[in-house]
Every structure is written in C-alpha cells, then in structure tokens.
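J.: Need a 3D model of the following:
(2 chains)
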Amino acid sequence: MKQTRYIARMGILLALACAVSFLETTLPLPLPLGVKPGLASIVVMFALLRLDAKSAWALTILKSMFVLLTRGVTAGLLSLSGGVLSLCAMLLLLRVLHSSLLLMSTAGGIVHNLGQLCASVYLLQNAAAFYTLPILLLAGCIAGIATGICLRLFLQALPHMHADFIP
Amino acid sequence: MSGQLPVFFRRRDIIIILLLLAGCVAAMVLLQQGKGKSTAEISVNGELVASYVLADTPDGSFTLPEAPGMVFSIKDGAISVTETDCPDKRCMHMGAIRKPRETILCMPHRLVITISATESSDAPDVVIG
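T.: So this is what the prediction gives:
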C-alpha cells in the first residue's frame, strides 16, 4: 500500500516537473542558452525536503530524459548537467551547511546555470561562451529566489505529502 | 530526513544574496568595458568563420555557408540574427549586440557571435593603476 502510494506520488511530481518545464520553453526570454526560471526545480526541492534525496535524484534525471526525448540531445544534455550540478549544490547546502531554504534554492538556481554553461562551452567548443557567465549567474540568482518563494507556498499548500510514504 | 523542515530564511541570507546580485551586476558592467573598434566574430564549432568591423561595415543582411538557415544583419554598428530555422529562436530573442564581449549563442548550429574590441595599435590592453 505504501509503495503504491509512493509510486503514484512520484508519478504526479514527475508529470508536474515535465509540464512546467515544457510550459517554460514557450516563454521568449532574451537570455542565452534557453535559460528559464527553472520552475521544475521547485518539484525537485519539494521531493528533496518531503521525500528523500533518492526521489529528488530520480525526478532530476527523469525530467532530463523527458527533455532529451522531446527537445533533442543538446537540450537534454544542458538540462541534465544543470539539474545534476544544481542538486549536488542544494544537497551540500541543505545537509552539510544546514542553510535556509531560500539560500539553498538561490544556490540551486545559480549552479544550474553554471552547469548549463559549462556543458554548452563543451558542446560549442568555444570559450567565448563564458562571456555570458555574469548574466546567467544573475538570472540564476533571481530565478532561485523566485523558486524558493514558490517552494514555500508549495510546502504550505501540501502539508500532508510526507516521507511516511516511502516504501 | 526528519519531519522538521529547515527554516525558510535567515537575516544574513539577505546580505549573501545582495552580495551575489551586486557581484553579477558589477561583472556584467566591467566585462563590457573596452575602447576600440567593435569587431563581430562569428564562430561555428569553435572555428572563426567570419568577422566584421561593425563601424566600417555597411548596413545589410547576409548569410554564411557554415550556418545554413540563419540570416545575420548588421545595422547601426550592431549585429543580430534576424532569421533562423531552429525551433526555439533563442538567438533572435537575444537582439542586437555591439558592446565588447557581448555574446549570442546558438546551440543548434553550434554558433557563437561575440564582439571583440580591437584596440588602436599604440594603446595598451590593460591599464593598471
């Protein structure tokens, strides 16, 4: 019973992450690399806090697989590199440095864009892409603050979804 | 993970976040400093395929054989991508660039447009002091 409930909840969270990630692609922001607010990271952070790190990893990787299937190899690789590095940074802040949720989310946003930029420099074979670093970090910082605030609302709105359901 | 969530926010977070924001803005401003003639350099797969001294290039549109499906435009000393066949049109949304080290990236075409400032021959690259 517990396991069924866990599978169902992970399914809902993954669907939500994929849906918001897709909706974001329709926003025409004047930022390099298709940088977006990263609303899917709200779902990953929610899983990290309310479920466990394993669930957050699963959501990050599966969401990148969704991007890979729907938007191609380049977008998939950027999504994966940003997502994995961002989750590493958030875990570090949360578990080792015991930081606040807002700071965790801000760092997640910044490191996400940093990871994407590193992957893009590798793909473009051109270090000139690093010139976009300051604007990407700024965008990541603002996005991280926004997703942190959304995360708080999300946590308050769903007080009953807890780690008790992990099999 | 225990049921208790970490605090949402501490007072010192404001300072850390403000410092981060200020650092990014300062880096953006400093990066685009530089005198001299702005030269637009277009690279595909890391190799320079075209470069234009923006002030000396007459206004107009052009295409490059290395970037099929893309149309570039130079107008009033700034370069932009005016047409592209990739689905996200990200490079078009970036608008026109003219300042040193401003950069347009196009992932589908593996293309980078960046502005380099060519200093006049006797001017030093960096002035320290």
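J.: Is there any residue in the longest helix anywhere in chain B that contacts chain A?
T.: Looking across chain B with DSSP state H, the single longest helix is helix B:11-31. Yes: judged by CB under 8 Å from any CB of the partner chain, helix B:11-31 and chain A are in contact via B:13, B:16-17, B:20-21, B:24-25, B:27-28, B:31. (Each C-beta comes from the backbone N, C-alpha and C, glycine too.)
J.: List buried residues within those residues.
T.: Listed as buried from the residues of helix B:11-31 next to chain A are B:13, B:16-17, B:20-21, B:24, B:28, B:31; burial here means 16 or more other CB atoms under 10 Å in any protein chain shown.
J.: Right, and chain A sits closest to which residue of chain B?
T.: residue B:46 (3.2 Å; CB to the nearest CB).
J.: Residue A:99 and residue A:65, how far apart?
T.: Counting by CB to CB, to the nearest Å, the gap from residue A:99 to residue A:65 is 29 Å.
J.: Apologies, that question was intended for residue B:96.
T.: In terms of CB to CB, residue B:96 sits 36 Å off from residue A:65.
J.: And for residue A:30?
T.: Distance from residue A:30 to residue A:65, counting by CB to CB: 28 Å.
J.: if I pick residue A:49, what's in contact with it?
T.: Residues in contact with residue A:49, defined by CB atoms under 8 Å, 6 or more residues apart in numbering or on different chains, are A:101, A:151, A:155, B:1, B:5-6.
J.: nope, residue B:25 is what I meant
T.: A:134, A:138.
J.: just to revisit the earlier point, who has more neighbours, residue A:30 and residue A:65?
T.: When residue A:30 and residue A:65 are compared on other CB atoms under 10 Å in any protein chain shown, the one with more neighbours turns out to be residue A:65, at 15 against 11.
J.: quick revisit: next structured bit after the longest helix of chain B?
T.: strand B:37-44 (DSSP states H and E).
J.: Could you list the buried residues of the helix or strand following that next one?
T.: Beyond strand B:37-44 in the direction of the C-terminus, DSSP H and E gives the next helix or strand as strand B:47-53. Of all the residues in strand B:47-53, those buried under the rule 16+ other CB under 10 Å are residue B:52.
J.: any idea which element residue 81 lies in?
T.: All of this refers to chain A. Residue A:81 belongs to helix A:73-91, assigned by DSSP H and E.
J.: Hmm, no, I was thinking of chain B.
T.: Element membership for residue B:81 (DSSP H and E) is strand B:78-83.
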